[in-house]
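In: the sequence and its predicted three-dimensional model are supplied below.
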Amino acid sequence: MYEHDVIVVGAGGAGLRAAIAAHEEGADVALVTKLHPVRSHTGAAEGGINAALHEEDSWDLHAYDTMKGADYLSDAPAVDTFAQEAPEEVIQLEHWGMPFSREEDGKVSQRPFGGLSFPRTTYAGAETGHHLLHTMYEQVVKRGIEVYDEWYVTNLAVTDHDDPEQRECHGCVAYDIKSGEIAGFHATGGVILATGGLGQVFEHTTNAVANTGDGPAMAYRAGVPIEDMEFIQFHPTTLPSTGVLISEGVRGEGGILYNDEEERLMFEYGYANNDGELASRDVVSRAELTEVNEGRGIEDEYVHLDMRHLGEERILDRLENILHLAEDFEGVDGLEEPMPVKPGQHYAMGGIETDENGETCIDGLYAAGECACVSMHGANRLGGNALPELLVFGAQAGRHAADKDLAEAQIPVGPSAMSEDGDVDTPVAPGAIDASDEDVAADGAMVDADAVIEHAVEREKERIEMLLERDGINHAEVRDDIQESMTANVNVFREEDNLKQALEDIREAREQYQHVGVSDPSRTFNTDLIHTIETRNIIDLAEAITLGALAREEFRGAHWRKKHQERKDDEWLKHTMLQWNDGNPHLYYKPVILEGFEQTYEPKERSY
Amino acid sequence: MSTLETTTETETEEVEQEREETPGDRRRELKRERAAERERRVEAELDDAENTRRLKVFRYDPEVEGKEEPRFDDFVVPYHKGMTILDALIYARDQYDSSLTFRHSCRQAVCGSDALFVNGRQRLGCKTQLGDLDDPIRIEPLPHQEVVKDLVVDMQHFYDQMHAVEPYFDPDDLPEGELAEQRQTPENREYVKMATRCIWCGACMSSCNIAAGDNEYLGPAAINKAYRFAMDEREGEDRKQERLRIIEQEHGVWRCQTQFSCTEVCPKDIPLTEHIQELKRESVKNNLKFW
């Protein structure tokens, strides 16, 4: 068994920031990651980091834009904390040597991004995430923080109490990919989940292959509610063949979207007469797909994004990486031709329910970054808000887990924060098929930390042994089916029949998964096994996304319903919560907090 | 407690599960049929010789009987325009042999995990088009690295060399005040820009003859990392002196024989050899004494 004060699971932006913060508080920290830190998907972020740095800008404007972009489904204490702390985090990165793009006077550059009332997006070319990731990993190396790379955390070690709010997290179980060793990790201070996105639930995604939502799935099965899962962001500019992201920076710098009749669609068809291409992502994604559906798409699939008029010098200075991506993955020279783009799954607004200190309702369990839902992105995340989020809340979680006194959280978490039960008519029973197999908590009243962890390790050994020994279906088939169904049925446009179809497909995938087997018998670098374990996580999260989407009968942010074409604040200004409850998902709601530090946010119509 | 309602159809299904052939069985049967159909389709695709490519893939697993001796396996994959080496490997793994092992994640040339030796050259699998290569396409792990399994090599030595150059920003002093940033001229940022693009894929190190013969040589990636900081005007003169001391050591920049192989294979087009030469010049300037 390995022991540290704080165990951070995942070593992308949020994980690295959390580890550094905990280390600064004097904790003995370890990062456990199924990749190596520099392979994390934060490195693929392109556009930038929003922070009110300029004297004409202010944090409350940033907070206001964030609330509006979120369609008022954010919790104001989270949004205000975020906007207040983002500038310090950005300057901190600058002090750590991050190679930001610079103005003539040597200050960091800022540029416009969708949905922002001030050009407050700092950036490093169109490869901001790469530089952020490497800059923070460098600081981890400098501090000598221990890193267990290519160790896959497969389960949490949580005490067994009926009420999840009584449970305690003592650590986790991890599988050493290189050797096949299964070991317990004891966290005396806390476990911080920072596992990133869940894009692999969908077929067409900007996310890495490793983004399988391991954190939310593990936390969900351990009893932590997951929040607002139906809100999935589809980025309007991804390359059609691969899903590779073309940064919003292209539109920020003045890139234009055209349909096959070479019309500037955002204005021509009135999707966003004020902001055009710089309307928020949900608006632009729907505009593009509407064009395609109405026969004005190119090859019935995509639209064109043109940046030629920006000029070679500006493109090379600020968007050079985009030229490489278009060339390498689509064979298009962005200086000479427009680039093909279509919407693709990009970001999960929802995730593990946390308060603004990063803590969940289970004592000692934290989450930060994309896998978490402190609820600042609400129904739609603004471009440039993901990187500062992982900095601000990664740091909060790290400090709290290292025992630093933080202000008491204003966002209540756990099932007791429920305002009402949910109600949804599903065509098949959701949840696990054999719930007895789902016990993540220890037996009975066992509360000794080591015993809880050892019990969890034994269960994982049994599970992995079983997967390796039995003959069965290849995980790839199950995964493909889920991804196809989710992309066909739970995409930008959502209809009741399709959502129900997806639930049936997910049920079928669950049945298939009962018979899945790993054919590679090796204990050395068994990716067949890793992907098989991940596929289970994909199934659980696909179901959570679809259940939430089916229940929410309104149109808000990224969530569009054919039969419900309006935002219904009276009825739906509330967070969708899903709790695992021994394999039977319990749907309930909790109220949105609109009262911030200095003002109460009044929902207004969102126009761009 | 749960209020998720299920329709009566499901309840009927649950009763049916008691009988001999359950809906699950039927679905599994359908699944088998679909798998057989997929197999037939793959075969049909493969019959069309113009639309297939042949991969010769290096295989090795120290633990599995029959695989402990290195060998090459052939996989024939249906080809379509735009397909990359990584796409072909994923196809081979998912359709033919799920034990085929390689690292990959972002699929967009930024995570650096799928550097491979393809037709005799270090390349990133995700950004190498199949159409640009001669058949059969020979895919091997990075040379001069210890093979863990199939196409996966042990990167620890690479990481150790990166860490040996103290790869972190370390300014002599910081500006006063929490929100005061350091200034950096756009020219200086431009100067170090290429060096900051390294994705730690290891292609350069694997292509370097010197690194192959001298295990202690820092290697092009680590020296480039040192360059990135030594040339950053924000770090200050004291730190630069220390950085130069590190790269001037016996197994540092002077081992480089300017063969340019690192520069040739770098998937991010970093002029690695130039950076090494520039550090040699800095080192000479630094050590010149006039008296």
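Out: Sure thing, it's come through. Residues are numbered from 1 along each chain as shown, chains lettered A, B, ... in the order given.
In: grab the nearest non-local neighbour of the residue of the stretch 1-150 of chain A found nearest chain B.
Out: Relative to chain B, the nearest point of the stretch 1-150 of chain A is A:G97 (2.5 Å; C-beta to the nearest C-beta). Where you see a C-beta, it was placed from the backbone N, CA and C, and this is true even at glycine. Nearest residue to A:G97 in three dimensions, chain neighbours excluded: B:F169, at 2.5 Å (C-beta to C-beta, 6 or more residues apart in numbering or on different chains).
In: number of residues surrounding that neighbour?
Out: Neighbour count of B:F169, defined by other C-beta atoms under 10 Å in any protein chain shown: 21.
In: then B:D214?
Out: For B:D214, using other C-beta under 10 Å, the count is 14.
In: residues contacting it?
Out: Applying C-beta atoms under 8 Å, 6 or more residues apart in numbering or on different chains, we find B:D214 in contact with B:H251, B:R255.
In: look up how far chain A lies from it.
Out: According to C-beta to the nearest C-beta, to the nearest Å, B:D214 stands 24 Å off from chain A.
In: okay, that residue: pLDDT?
Out: If you check B:D214, the pLDDT there is 96.
In: quick one, phi psi at the closest residue to B:A230 other than its chain neighbours?
Out: Among residues not flanking B:A230 along the chain, B:R243 sits closest, at 4.3 Å (C-beta to C-beta, 6+ apart). Phi and psi for B:R243, reported as degrees, to the nearest 10, are phi -60, psi -40.
In: again, but for B:V153
Out: Torsion angles, degrees, to the nearest 10, at B:V153: phi -110, psi 160.
In: tell me which strands and helices the lengthiest helix in chain A is in contact with?
Out: Once chain A is assigned using DSSP state H, the helix that runs over the most residues is helix A:527-551. Here helix A:527-551 touches strand A:151-158, helix A:214-222, strand A:424-426, helix A:449-469, helix A:475-489, helix A:496-513, strand A:574-579, strand A:586-591, going by 3 or more C-beta pairs under 8 Å, 6 or more residues apart in numbering or on different chains; DSSP states H and E.
In: and the angle from it to strand A:586-591?
Out: 60 degrees (axes from the mean of the first three to the mean of the last three C-alpha atoms, to 10 degrees).
In: helix A:527-551 to helix A:496-513, inter-axis angle?
Out: For helix A:527-551 against helix A:496-513, the angle by the same axes, to 10 degrees is 150 degrees.
In: C-terminal to helix A:527-551, what's the next element?
Out: Once the chain leaves helix A:527-551, the next helix or strand it forms, by DSSP states H and E, is strand A:560-561.
In: helix or strand right after that following strand?
Out: helix A:569-572.
In: closest residue of chain B to chain A?
Out: B:F169 (2.5 Å).
In: doesn't that residue fall inside a helix?
Out: No - counting by DSSP: H, G, I helix; E, B strand; the rest coil, B:F169 falls outside a helix, being coil.
In: surely it and A:E138 touch.
Out: Yes - using C-beta atoms under 8 Å as the test, B:F169 is close enough to A:E138 to be in contact (6.5 Å).
In: coming back round to it: just the pLDDT at the residue nearest to A:G97, thanks.
Out: 97.
In: contacting residues for it?
Out: Contact partners of B:F169, counting by C-beta under 8 Å, 6+ apart, are A:W96, A:G97, A:T135, A:E138, B:F229, B:D232, B:R234, B:E235.
In: SS state for the second one?
Out: Same thing as A:G97. Three-state assignment for A:G97 (three-state DSSP): coil.
In: the third one now?
Out: The local conformation at A:T135, judged by three-state DSSP, is helix.
In: what's the burial count for it?
Out: Taking other C-beta under 10 Å as the criterion, the count of residues near A:T135 is 21.
In: did I read that right, B:H104 in a strand?
Out: No - judged by three-state DSSP, B:H104 forms no part of a strand; its state is coil.
In: so what's it up against?
Out: Contact analysis of B:H104 by C-beta under 8 Å, 6+ apart lists A:V209, B:L86, B:L89, B:I90, B:S113, B:D114, B:G125, B:C126.
In: which residue packs closest to it, ignoring adjacent ones?
Out: Using C-beta to C-beta, 6+ apart, the nearest residue to B:H104 is B:D114, at 4.4 Å.
In: need the per-residue pLDDT for the one you found.
Out: The model's pLDDT for B:D114 equals 98.
In: quick check: domain ranges of chain A?
Out: Chain A resolves into domains spanning A:1-231+A:349-600, A:237-343 when parsed by automatic domain parsing.
In: roughly how far apart are the closest residue to A:N155 other than its chain neighbours and chain B?
Out: Distance criterion C-beta to C-beta, 6+ apart; nearest residue to A:N155, sequence neighbours excluded, is A:V173 at 4.6 Å. A:V173 sits at a distance of 22 Å from chain B (criterion: C-beta to the nearest C-beta).
In: residues in contact with A:V173?
Out: A:153-157, A:182-185, A:453, A:456-457, A:459-460.
In: sec struct for it, please.
Out: Classification of A:V173 by three-state DSSP places it in strand.
In: just list whatever residues bridge to it.
Out: In this entry, A:V173 is beta-bridged to A:N155, A:G184, by DSSP bridges.
In: pLDDT at it, what is it?
Out: Taking A:V173 on its own, its pLDDT is 98.
In: next: A:A441.
Out: Reported pLDDT for A:A441: 53.
In: over to A:H304?
Out: At A:H304, pLDDT is 98.
In: what ranges of the chain fall below the confidence cut-off?
Out: Let's take chain A. A:435-446 (pLDDT under 70).
In: wait, chain B was what I had in mind.
Out: B:1-32, B:34-35, B:37-39, B:41-42, B:44-50, B:291.
In: centroid-nearest residue for it?
Out: B:S113 (2.6 Å; C-alpha atoms, centre = their mean).
In: chain B: helices as residue ranges?
Out: Ranges of helices in chain B, per DSSP H, are B:8-16, B:23-47, B:85-95, B:156-164, B:186-193, B:203-207, B:209-213, B:219-230, B:237-248, B:261-265, B:272-287.
In: in TSV, list these along with mean neighbour count.
Out: As requested, the helices of chain B are exported to TSV (neighbours: other C-beta atoms under 10 Å in any protein chain shown):
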stretch	mean neighbour count
helix B:8-16	12
helix B:23-47	13
helix B:85-95	21
helix B:156-164	18
helix B:186-193	17
helix B:203-207	27
helix B:209-213	16
helix B:219-230	27
helix B:237-248	16
helix B:261-265	21
helix B:272-287	17
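In: nearest to A:F597, out of the ones you listed?
Out: Ranking the helices of chain B by proximity to A:F597 (C-beta to C-beta) places helix B:186-193 first, at 35.7 Å.
In: what angle separates that closest one from helix B:219-230?
Out: 160 degrees.
In: ok, and what's touching helix B:186-193?
Out: With C-beta under 8 Å, 6+ apart, helix B:186-193 has contacts from A:99-104, A:106, A:125, B:227-228, B:231-234.
In: put the buried members of those residues into a PyMOL selection.
Out: To isolate the buried members of these in PyMOL, using 16 or more other C-beta atoms under 10 Å in any protein chain shown:
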select buried, (chain A and resi 99+100+101+102+106+125) or (chain B and resi 227+228+231+232+233+234)
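In: ok, the contacts of helix B:186-193 vs B:V76, which is closest?
Out: A:G125 (40.5 Å).
In: for B:M155, which non-adjacent residue is closest in space?
Out: Spatial nearest neighbour of B:M155, chain neighbours left out: B:G202 (6.1 Å); criterion: C-beta to C-beta, 6+ apart.
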